[in-house]
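Student: take a look and give me a structure for this.
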Amino acid sequence: MEEVNSPSVLHGRYELGRVLGHGSFAKVYLARDLRSGKGVAMKVVGKEKVIRAGMMEQIKREIAVMKMVTHPNIVELYEVMATRSRIYFAMELVRGGELFAKIARAGRLREDEARHYFRQLISAVDFCHGRGVYHRDLKPENLLLDDAGNLKIADFGLSALAGHVRTDGLLHTTCGTPAYVAPEVIGKKGYDGAKADLWSCGVILYVLLAGFLPFQDENLVAMYKKIRRGDFRCPPWFSSDARRLITKLLDPNPATRITVSKLVDMPWYKKSQIAKPEPLPPPLPQKVVEEEEEEPARLNAFHLISFSQGFDLSPLFENEDGGRREEGMRFTTREPASGVISRLEEVAAKAEGRIRVTKSGASGVRLEGAEKGMKGKLAVAAEIYAVAPSVLVVEVKRDGGDMIEYKNFCSQELRPALRDIVWAAAA
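Tutor: Take a look at the predicted model:
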């Protein structure tokens, strides 16, 4: 995306400052409203990238949704502006960082502190559902905290409206983050957006109290089986009331899963607050990432399933002999993105001029042969995706040149260079 000059004034209304964060299609800038002097977060989306990715309808839906959901516990969208090349979202500036970061620092939260955030989460989610809005990607990374320690739901990019249901009254798009997605979303029979969101709320509550996920497995197929069965255990420090509530939220049968109207009458939810959450550390910018620091793209459940044959996610993991049923090569690794990139760049360096790096960044590396073969220059693209904070998926594809030359390169040079960083998950 073309850079926005900093500092600059947008439409004579907002003075843009430094970059606070960025993703695949957008950057977020610290900005100041020149009319009020108030700080805002300015999300800048490149139209060309969005159109190429076929995501313009998703952007339009996100705008429509955020205009509908003004609530104290939802990040507010002030206004939307556009030029020929960009779309600008002027949004509430939330300085307290992600709830995920607070959990990571504390290990886990006290029950009264978790209750404070969970009540605010349910209040906002119920408000959305009452307006026919379903978030579909609720997780601690999408829950921000303001200076006062109040929760704010962010990122409605995967949300759906009641008008998106089919004639059966259900949603059918598979999306969300694997560890937080409801079992019915993984299936092909459709799902109720409100009930799927409540499942995700149950996972969030478990994480707040435990400090880890209820459904964990090195193999994603095995993890999804646990999710479908509702196969989890509460740690011994959970109170009996917390256990009862979480069990009702993580009911794999959406027909019997607890509703908000019954949830708010549960003893754990109604219990009076004994203490306020601990004060936040000095305010951090919203989702702070220095401009020069990039991160791999994040995979949601839809991406994972699109990689696989039907719903069999086992192709994500290499067999010991490296055998594949297609020309691409995929593997999981616990190596950081920078380590994977270094290995790929080393392959080019050792090739002594036969292979060169034509692209290198957190999202992947592209290698190209120096000489033309029968079908042009060999080109190999390696794309890096984040499945979880410590797990990456690397997908290697032929991007040009002869297939035999590509296979020889993979078997003789690429696989040996990467073998010791491949995380071979149990089937």
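Student: wait, Tyr406 sits on Val380?
Tutor: Yes. With contacts counted by C-beta atoms under 8 Å, Tyr406 reaches Val380, the gap being 6.7 Å. All C-beta atoms are positioned from the backbone trio N, CA, C, and that covers glycine.
Student: what do those two both touch?
Tutor: By C-beta atoms under 8 Å, 6 or more residues apart in numbering, Tyr406 and Val380 have these common neighbours: Arg398.
Student: for Asn142, grab phi and psi.
Tutor: Note on Asn142: backbone dihedrals following degrees, to the nearest 10 are phi -100, psi 10.
Student: right, and the helix or strand after the strand ranked longest in the chain?
Tutor: Across the chain, the longest stretch assigned as strand under DSSP state E is strand 376-388. Following strand 376-388 in sequence order, the next helix or strand is strand 391-400 (DSSP states H and E).
Student: show me how far the longest strand of the chain is from its chain's centre.
Tutor: Chain-centre distance of strand 376-388: 20 Å, with C-alpha atoms, centre = their mean, to the nearest Å.
Student: nearest residue to Tyr134 other than its sequence neighbours?
Tutor: Nearest residue to Tyr134 in three dimensions, chain neighbours excluded: Gly193, at 2.9 Å (C-beta to C-beta, 6 or more residues apart in numbering).
Student: which residues touch the residue lying farthest from the centre of the chain?
Tutor: The C-alpha centroid of the chain is most remote from Met374, which lies 41.1 Å away (C-alpha atoms, centre = their mean). By C-beta under 8 Å, 6+ apart, the residues touching Met374 are Asp402.
Student: let's go with 10 Å and repeat that
Tutor: Applying C-beta atoms under 10 Å, 6 or more residues apart in numbering, we find Met374 in contact with 401-402, 404-405.
Student: state the mean pLDDT of the longest helix seen in the chain.
Tutor: Secondary structure of the chain per DSSP state H: the longest helix is helix 111-130. The average pLDDT within helix 111-130 is 96.
Student: got the buried residues for that helix?
Tutor: 111, 113-129 (16 or more other C-beta atoms under 10 Å).
Student: quick check: what element follows that helix along the chain?
Tutor: Using DSSP H and E, the next helix or strand after helix 111-130 towards the C-terminus is strand 133-134.
Student: from the contact counts, what lies against the longest strand of the chain?
Tutor: strand 297-298, helix 301-307, strand 329-333, helix 337-350, strand 355-361, strand 364-373, strand 391-400, helix 403-409 (3 or more C-beta pairs under 10 Å, 6 or more residues apart in numbering; DSSP states H and E).
Student: mean pLDDT lowest where, among these?
Tutor: helix 301-307 (a mean of 51).
Student: circling back to that earlier point, which pair in the contacts of Met374 has the greatest spatial separation?
Tutor: Within the contacts of Met374, Gly401 and Ile404 form the most distant pair, 9.5 Å apart (C-beta to C-beta).
Student: give me the common contacts of those two.
Tutor: Common neighbours of Gly401 and Ile404, using C-beta under 10 Å, 6+ apart, are 373-375.
Student: looking at those residues, which one is closest to Lys248?
Tutor: Comparing the shared contacts of Gly401 and Ile404 against Lys248 with C-beta to C-beta places Lys375 closest, at 58.9 Å.
Student: now do the closest one, the pLDDT please.
Tutor: In this model, Lys375 carries a pLDDT of 75.
Student: that one against Asp399, yeah?
Tutor: No. Taking C-beta atoms under 10 Å as the definition, Lys375 is not a contact partner of Asp399, at 12.0 Å.
Student: which neighbours do the two share?
Tutor: Tyr406.
Student: quick check on these two: which one has the bigger neighbour count.
Tutor: Using other C-beta atoms under 10 Å as the criterion, Lys375 and Asp399 rank with Asp399 on top: 16 against 13.
Student: distance of that one from Ile51?
Tutor: Distance, Asp399 to Ile51, using C-beta to C-beta, to the nearest Å: 22 Å.
Student: again with Asp265
Tutor: Between Asp265 and Ile51 the computed distance is 48 Å (C-beta to C-beta).
Student: over to Tyr206?
Tutor: From Tyr206 to Ile51 the distance is 39 Å (C-beta to C-beta).
Student: which of those two has more neighbours?
Tutor: The neighbour count for Tyr206 versus Ile51, taken as other C-beta under 10 Å, is higher for Tyr206 (23 against 11).
Student: for the longest helix of the chain, C-alpha coordinates in CSV please.
Tutor: Output in CSV follows, covering the C-alpha atoms of helix 111-130 (Å, rounded to 0.1, in the frame of the first residue of the first chain):
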residue,chain,number,x,y,z
GLU,A,111,-12.4,-14.6,39.1
ASP,A,112,-13.7,-11.2,40.1
GLU,A,113,-11.4,-9.5,37.6
ALA,A,114,-12.4,-12.0,34.9
ARG,A,115,-16.1,-11.4,35.8
HIS,A,116,-15.7,-7.7,35.2
TYR,A,117,-14.4,-8.2,31.7
PHE,A,118,-16.8,-11.0,30.9
ARG,A,119,-19.9,-9.0,31.9
GLN,A,120,-18.7,-6.2,29.6
LEU,A,121,-18.1,-8.7,26.8
ILE,A,122,-21.6,-10.2,27.2
SER,A,123,-23.2,-6.7,27.4
ALA,A,124,-21.6,-5.7,24.0
VAL,A,125,-22.3,-9.1,22.3
ASP,A,126,-25.9,-9.1,23.4
PHE,A,127,-26.2,-5.5,22.1
CYS,A,128,-24.9,-6.7,18.7
HIS,A,129,-27.2,-9.7,18.5
GLY,A,130,-30.1,-7.5,19.3
